[in-house]
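Participant: Kindly generate the corresponding structure for this input.
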Amino acid sequence: MSAQRCDELRLTGSGGANRVMEAELKRLVMRSPFQARLEKPKREGEATLLYPFNAQVAWVASCYHRTSSRISWDLYSSDAVRLEPLFADLVPALLPDDRLPEGESLRFSVEVGSASKIYARGFAMLSTHTVKNS
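Facilitator: This next block holds a predicted model:
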């Protein structure tokens, strides 16, 4: 098992908000000064939309999107169900990444599913690290 590099814009809202979040983002991007193309999102449950990452769309979403409660950029993911493999999987995320400006910080968060063996959510949070691109 290893971390998978991903590049997705994640919009998370309240349960059942996917359709409303998608319609709002589509309207905002169409009205923005950018010529960004908004692809059809993947859905994760009823409260999360995943779009291929586009910096212009992310900017519009973070400045104007009201129906989402969280907007994030997914860089890596892991299916690890225990802490030790999770930490080992995320080692590549600590290496320089050409998608980030030098010196920028990363924040790691862990979403614990019901079938997970990671019991202590607070313990599973990872610290912030600074990326040094060469």
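Participant: in the sheet, who's paired with the residue nearest to the spatial centre of the chain?
Facilitator: With distances taken as C-alpha atoms, centre = their mean, Asp74 lies nearest the centre of the chain, 3.0 Å away. Counting by DSSP bridges, Asp74 is bridged to Glu8.
Participant: And it, how far from Arg27?
Facilitator: Distance of Asp74 to Arg27, computed by C-beta to C-beta, to the nearest Å: 23 Å. For the C-beta atoms, the positions are set from N, CA and C on the backbone; glycine is no exception.
Participant: now swap in Val57 and tell me
Facilitator: 13 Å.
Participant: Likewise for Arg5?
Facilitator: 31 Å.
Participant: ditto for Val91
Facilitator: Taking C-beta to C-beta, one finds Val91 at 40 Å from Arg27.
Participant: One more: Trp73?
Facilitator: To Arg27, Trp73 is 22 Å away according to C-beta to C-beta.
Participant: Comparing these two, which residue is more hemmed in?
Facilitator: Neighbour count, other C-beta atoms under 10 Å: between Trp73 and Arg27, Trp73 has more, with 16 against 12.
Participant: Can you verify Cys63 is assigned to a helix?
Facilitator: Yes - under DSSP: H, G, I helix; E, B strand; the rest coil, Cys63 falls within a helix.
Participant: residues near it, how many?
Facilitator: There are 10 residues near Cys63, going by other C-beta under 10 Å.
Participant: again, but for Arg66
Facilitator: Arg66: 10 surrounding residues under other C-beta under 10 Å.
Participant: For it, which residues are in contact?
Facilitator: Arg66 makes contact with Glu24, according to C-beta atoms under 8 Å, 6 or more residues apart in numbering.
Participant: any idea how far Asp98 is from it?
Facilitator: Going from Arg66 to Asp98 by C-beta to C-beta gives 32 Å.
Participant: Same question for Glu39.
Facilitator: Relative to Asp98, and taking C-beta to C-beta, Glu39 is found at 22 Å.
Participant: And these two? Which one has more around it.
Facilitator: Applying other C-beta under 10 Å to Glu39 and Asp98 shows that Glu39 carries more neighbours, namely 9 against 6.
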